[in-house]
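Visitor: Sequence first, predicted coordinates after that:
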Amino acid sequence: MGVMKKLGHGKCRGQIFWSVPLCIVVLLCGFPALAQAQQAAPASPGSIIGTVLDQKGAAIAGAHVKLTRGDTSAAQEVVTGTDGQFSFAGVAPGPFHIEISAAGFTTQTSSGELHAGESYVAPPVQLAIAAYNDKMLVTPESLAEAQVKEEEKQRVLGFVPNFYVTYEQDAVPLYPKQKFELALHYMIDPITFGLVGATAGLEQLDGQYNGFGTGAEGYGKRYGAAYADTATSTLIGSAILPSVWKQDPRYFYKGTGSSGSRLRYAISRAVICKGDDGRWQLNYSYIVGDLASGGISNLYYPKNDRGAGLVFENAAIGVAASAAENILQEFVVRKLTPGLSHNNDPVRQ
């Protein structure tokens, strides 16, 4: 039995003696193959997404976003959508550099590092209005154009046009180009056509302007007349005459003081406007524009409804509607208009 144990122990020592070198050989042979396999497996690409905003927090559409990396990879470029968002897909992991530029704004850069398979969400980038852009000096007219572009994005509940209000107390005056641009943009907006259609329907239900008749034909005539009223009053009162008399057709949001003072301010701005020189004055453009629109309406309303009464009736309705709209602007509309920032809230005195 002792011999057997010795032999057994000797056999075990022999196996261990040969096994150790064999393991070393296997490991030495296996490590290069494993390293080569690891090198052959490419890292999973990732993606980079982000949002570009102005200083008010509104999305900037059409901004150019350029992505570069530390290696020799070619740069990638995209343009932000209407929501201000951009995205890069299939980006190799590693350090990256982003450059964002937009007309009228300062160029801004940011850097980061993308990990394998990561969906990197960049912090929102806010661009400031620049004294210079890449190629030209920003002029007062270009600033006015930028303001109008932002105002054309303002929509109550996200869809009803709210173009004729500015929340900037120091808004630059509009040039004739911007006044006509705002007017035409409002006139051709789909919601404007829808509101005109609703007005025509209510007039027909109420039996107004019986000379237009009934049925589809009567509705069509009422629709045409209602749209003509809207188009002429907007074009004359908010573009042509404000350009001639240098008056601003927009409502300047007050937002400060007591409710009573804000209410009086809103009502008075139906007949008072800010001139291009920054002074408050009688709103000749709006008042005369409404009267002119009423006079033109005598060309297409039924004969029984024509005359001076129609002119002054339409003008009075226009002024009253403007006062009511201003009250809503001052107390309600801003809360229902998404995308507005509080960065430019009026300073309370």
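Guide: Looks like it arrived, so ask away. Quick caveat: nothing in here was measured; it's all calculated off a predicted structure.
Visitor: Which residue ranges of this protein form helices?
Guide: For the chain, the helices defined by DSSP state H cover 2-40, 140-151, 176-187, 190-205, 215-235, 241-245, 259-268, 284-297, 308-331.
Visitor: Which among those helices is found nearest to Lys56?
Guide: Distance to Lys56, taken as CB to CB, is lowest for helix 140-151 among these, at 7.3 Å. (Glycine included, C-beta is placed from N, CA and C.)
Visitor: circling back: lowest-confidence stretch among the helices of the chain?
Guide: Lowest mean pLDDT within these: helix 2-40, at a mean of 45.
Visitor: Domain ranges for the chain, per the record?
Guide: According to automatic domain parsing, the chain is divided into the following domains: 46-127, 140-336.
Visitor: how about the ones you listed in a markdown table, adding mean neighbour count?
Guide: Putting the domains of the chain into a markdown table (neighbours: other CB atoms under 10 Å) gives the following:
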| stretch | mean neighbour count |
| --- | --- |
| domain 46-127 | 16 |
| domain 140-336 | 17 |
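Visitor: Figure out which of the helices of the chain is closest to Asp71.
Guide: Judged by CB to CB, the one of the helices of the chain that comes nearest to Asp71 is helix 2-40, at 16.4 Å.
Visitor: related to what we said a few turns ago, with distance to Leu53 as extra columns, can I get the helices of the chain in a markdown table?
Guide: Shown next, in a markdown table, are these (distance: least, CB to CB, whole Å):
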| stretch | distance to Leu53 |
| --- | --- |
| helix 2-40 | 42 |
| helix 140-151 | 11 |
| helix 176-187 | 22 |
| helix 190-205 | 25 |
| helix 215-235 | 30 |
| helix 241-245 | 30 |
| helix 259-268 | 29 |
| helix 284-297 | 33 |
| helix 308-331 | 24 |
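Visitor: who's in contact with stretch 110-119?
Guide: Residues from elsewhere that reach stretch 110-119 (CB atoms under 8 Å, 6 or more residues apart in numbering): 43-49, 91-98, 100, 120, 122-123, 125.
Visitor: how about a cut-off of 7 Å?
Guide: For stretch 110-119, the external contacting residues (CB atoms under 7 Å, 6 or more residues apart in numbering) are 43-44, 46-48, 91, 93-98, 120, 122, 125.
Visitor: ok, now stretch 69-84?
Guide: Contacts to stretch 69-84, defined as CB under 7 Å, 6+ apart, come from residues 51-53, 59-68, 86, 88, 92, 94-96.
Visitor: Inside strands: which ones of those residues?
Guide: If you go by DSSP state E, those have 51-53, 64-68, 86, 88, 94-96 in strands.
Visitor: Going by distance to Gln247, which of these wins?
Guide: Of all the ones in strands among the contacts of stretch 69-84, Gln247 sits closest to Leu53, with 31.6 Å by CB to CB.
Visitor: beta partners for the closest one?
Guide: Ala59, Gln126 (DSSP bridges).
Visitor: List the residues that contact it.
Guide: Contacts of Leu53 were listed using CB under 7 Å, 6+ apart, and they are 59-60, 84, 124-126.
Visitor: Please apply the same query to Ala89.
Guide: Ser47.
Visitor: Next one: it, what pLDDT does it get?
Guide: Per-residue confidence (pLDDT) for Ala89: 90.
Visitor: Check the one 3 residues further on too.
Guide: With respect to pLDDT, Ala92 has a value of 89.
Visitor: if we can go back for a sec, of the ones in strands among the contacts of stretch 69-84, which pair is most distant in space?
Guide: Counting by CB to CB, the most remote pair of the ones in strands among the contacts of stretch 69-84 is Leu53 and Gly94, 27.2 Å apart.
Visitor: what is the rounded mean pLDDT of stretch 332-341?
Guide: Mean pLDDT, stretch 332-341: 85.
Visitor: got the contact list for that stretch?
Guide: Residues outside stretch 332-341 that contact it (CB under 7 Å, 6+ apart) are 56-59, 153-158, 162, 167, 253.
Visitor: With distance to Thr234 and pLDDT as added columns, please give those in TSV.
Guide: Shown next, in TSV, are these (distance: CB to CB, whole Å; pLDDT from 0 to 100):
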residue	distance to Thr234	pLDDT
Lys56	26	80
Gly57	29	83
Ala58	24	85
Ala59	27	88
Lys153	19	90
Gln154	16	93
Arg155	17	94
Val156	18	95
Leu157	21	93
Gly158	22	92
Asn162	14	94
Tyr167	21	91
Tyr253	20	96
